[in-house]
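> My questions concern the predicted model and sequence given below.
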Amino acid sequence: MKIKKYSIPESTVIYKPKSPFIARVISTTALTEAESSDEVRNIILDVSGSGIHYIEGQSIGIIPPGERETGKSHKARLYSIASARTGDDGSSTTATICVKRVYNEDNMAEAKVPGIASNYLCDLKPGDSVALIGPNGRRFLLPDDDSTDLILIAVGTGIAPFRAFIRHIFLEKGFWNGRIRLFYGIKNAMEALFLNDQNDDIGQYMTQETFEAFRALSRVHNEDEEKGYVQHKLAEHKQEVWEMICRGNFAVYICGLKGMEEGVDEVFTTLAKQQGLDWPTMKAKFIKKGQWNTEVY
Ligand code: NAP
């Protein structure tokens, strides 16, 4: 039987590409530190009057203005909502997204080409309007039972839905009885979104008894800091993680780059093998039950 997850409010309006909601930018702030090589922005959108009632783990789509070469409108780009249901100001009329400014390689021209949607969004100013669709997503949601252990695994901007989870749990709900373990992979500490000097929204809950967060830094250059990927951090804590899996009352959430899945699977394959178990069979069962949730691109 599937585990029961939070329910999506039936009253929510869901916008489609043919008639998007026109939201306004309330604020746009950097989440990465000034010296960082990447720029990620926290963009708060005003959705008042839309009838949108989203919950944590859902996404919205943004349609960049202009047309493709074919003359058709641009397709919507999906972003996880980084705010909990009442929004960052508690008014229930805003939605927050995290956007990384992306440049794509053009191998023919040996040049970097600015990504259309990400540069459009990162250049927005307060007051600008944005065509928005959604909210979407019915699976990547928190379990109803707050004694469930949560294993959250993210890289880069994949942290967005987990910031929503954490804010909902500790700010809106107030507590979580199960253990929450966040494993987060980034290049360096300056890019640790919501866990750095620029914005410590997640870090401030590290004092909560049930919550612990672990960072893996892939591009550190000093000898004091260990270099690694998120799956290496997970492997360091394999004993507790495996105990949670064996206890059975858990939900795993993986968000970020597609490539991270393989590394995560390797950790669990090794653990399962040690007990004479077959990881693919176990994982298939967890997926079916809604205990294994993946959102990778
Ligand atoms: P990024 O900065 O390029 O990478 C984040 C970290 O992941 C880096 O430390 C990187 O290491 C590491 N990494 C690279 N390959 C890996 C692998 N195979 N296994 C484990 N770690 C790996 O990430 P990003 O540009 O923010 O991308 C995040 C992804 O999340 C994108 O695909 C995005 O579409 C997706 N996403 C975004 C949202 C959103 O709301 N914005 C929501 C859900 C998912 P090195 O680069 O040093 O190798």
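Received, thanks. Numbers count the residues shown, from 1 in each chain.
> Return the residues of the stretch 51-200 of the chain in contact with the ligand.
Counting by C-beta under 6 Å from any ligand atom, the stretch 51-200 of the chain comes close to the ligand at 79-80, 98, 100, 155-158, 160, 185-187. Using the backbone N, CA and C atoms, a C-beta is placed for each residue, glycine as well.
> tell me which of those residues is nearest to the ligand?
Among these, residue 156 lies closest to the ligand (C-beta to the nearest ligand atom), at 2.1 Å.
> Among the residues of the stretch 51-200 of the chain next to the ligand, name the ones in strands.
Applying DSSP state E to those, the entries found in strands are 79-80, 98, 100, 155, 185-186.
> My reading is that residue 119 is in a strand; is that accurate?
No: counting by DSSP: H, G, I helix; E, B strand; the rest coil, residue 119 falls outside a strand, being helix.
> what does the model give it for pLDDT?
Note on residue 119: pLDDT of 97.
> From the ligand, how far out is the closest residue to residue 48 other than its chain neighbours?
Among residues not flanking residue 48 along the chain, residue 93 sits closest, at 3.7 Å (C-beta to C-beta, 6 or more residues apart in numbering). Distance, residue 93 to the ligand, using C-beta to the nearest ligand atom, to the nearest Å: 20 Å.
> same check, this time on residue 219
Taking C-beta to the nearest ligand atom, one finds residue 219 at 5 Å from the ligand.
> I figured that residue was touching residue 187, is that so?
Yes: counting by C-beta atoms under 8 Å, residue 219 touches residue 187, with 4.3 Å between them.
> which of the two has more neighbours?
residue 187 (17 against 10; other C-beta atoms under 10 Å).
> separation between the more buried one and residue 218?
Distance of residue 187 to residue 218, given as C-beta to C-beta, to the nearest Å: 5 Å.
> And for residue 143?
For residue 143, the distance to residue 218 - C-beta to C-beta - is 30 Å.
> Now do the same contact list for residue 125.
When contacts are counted by C-beta atoms under 8 Å, 6 or more residues apart in numbering, residue 125 touches 25, 28.
> do the one 4 residues further on as well
Shown in contact with residue 129 (C-beta under 8 Å, 6+ apart): 22-25.
> Restricted to buried residues, select the residues you listed in PyMOL.
Entered in PyMOL, the line below selects the buried ones among these, by 16 or more other C-beta atoms under 10 Å:
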select buried, resi 23+24+25
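> Could you export the contacts of residue 129 as CSV, including pLDDT and secondary structure?
Converted to CSV, the contacts of residue 129 look like this (pLDDT from 0 to 100; DSSP: H, G, I helix; E, B strand; the rest coil):
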residue, pLDDT, secondary structure
22, 98, strand
23, 98, strand
24, 98, strand
25, 98, strand
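> closest to residue 137 among the residues of the stretch 51-200 of the chain next to the ligand?
residue 80 (8.3 Å; C-beta to C-beta).
> Bridge partners for the closest one, pull those for me.
residue 59 (DSSP bridges).
> Now for it, how many residues are close by?
24.
> quick one: contacts for it?
57-59, 97-98, 140, 158, 160-161, 164, 255, 295.
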